[in-house]
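Enquirer: Next one to model:
(one chain, ligands or ions: 1)
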Amino acid sequence: MLCGACAAQVDATLSNPMRSWFDATLLPPNPMPRMRTKADLPRKTCAACGRPFVWRKKWARDWDAVKTCSERCKSELRRANRDARAVDVARA
Ligand SMILES: [Zn+2]
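Expert: Sure thing, here's the model as predicted:
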């Protein structure tokens, strides 16, 4: 049986290495340098509304094909293209 002081000593030696291991695991001293921030993401300018937009996960596969910031702009652009073609046809 340990006296109060000894028990405290044992507690300190047992819990401190654990504590520092825990801190090191949870809080790495250097934040991951390769962490992607919003500023790192590729950007494009929307072909319909002209506003810049940032890469999104859902576009990971077809980012090259993405030309508009939203579905709304996409249909807007499609409509504009159709109108332009209609004008061409009318002119021809
Ligand atoms: Zn847009």
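
Enquirer: so where is this structure shaky, pLDDT-wise?
Expert: 1-2, 6-7, 10-36, 38 (pLDDT under 70).

Enquirer: The ion contacts on that one?
Expert: Cys46, Ala48, Cys49, Cys69, Cys73 (Cβ under 5 Å from the ion). For the C-beta atoms, the positions are set from N, CA and C on the backbone; glycine is no exception.

Enquirer: This structure: helices as residue ranges?
Expert: 4-26, 71-91 (DSSP state H).

Enquirer: about what we covered before: now for the residues of the chain next to the ion, which pair is the farthest apart?
Expert: Ala48 and Cys69 (7.6 Å; Cβ to Cβ).

Enquirer: Which among the residues of the chain next to the ion count as buried?
Expert: Buried members of those, scored by 16 or more other Cβ atoms under 10 Å, are Cys46, Ala48, Cys69, Cys73.

Enquirer: Quick one: residues contacting the residue lying closest to the second one once chain neighbours are set aside.
Expert: The reference is to Ala48. Nearest non-adjacent residue to Ala48, counting by Cβ to Cβ, 6 or more residues apart in numbering: Cys73, 3.6 Å away. Residues in contact with Cys73 (Cβ atoms under 8 Å, 6 or more residues apart in numbering) are Cys46, Ala47, Ala48, Cys49.

Enquirer: 7 Å - rerun?
Expert: If you count contacts by Cβ atoms under 7 Å, 6 or more residues apart in numbering, Cys73 has them with Cys46, Ala48, Cys49.

Enquirer: same check, this time on Lys67
Expert: By Cβ under 7 Å, 6+ apart, the neighbours of Lys67 are Ala47, Leu77.

Enquirer: what are the phi and psi values for it?
Expert: phi -120, psi -10 (degrees, to the nearest 10).

Enquirer: if I look at Ala48, how far off is Asp88?
Expert: 19 Å (Cβ to Cβ, to the nearest Å).

Enquirer: Hmm, I typed the wrong one, I wanted Arg43.
Expert: 31 Å.

Enquirer: can you check Lys58 too?
Expert: 33 Å.
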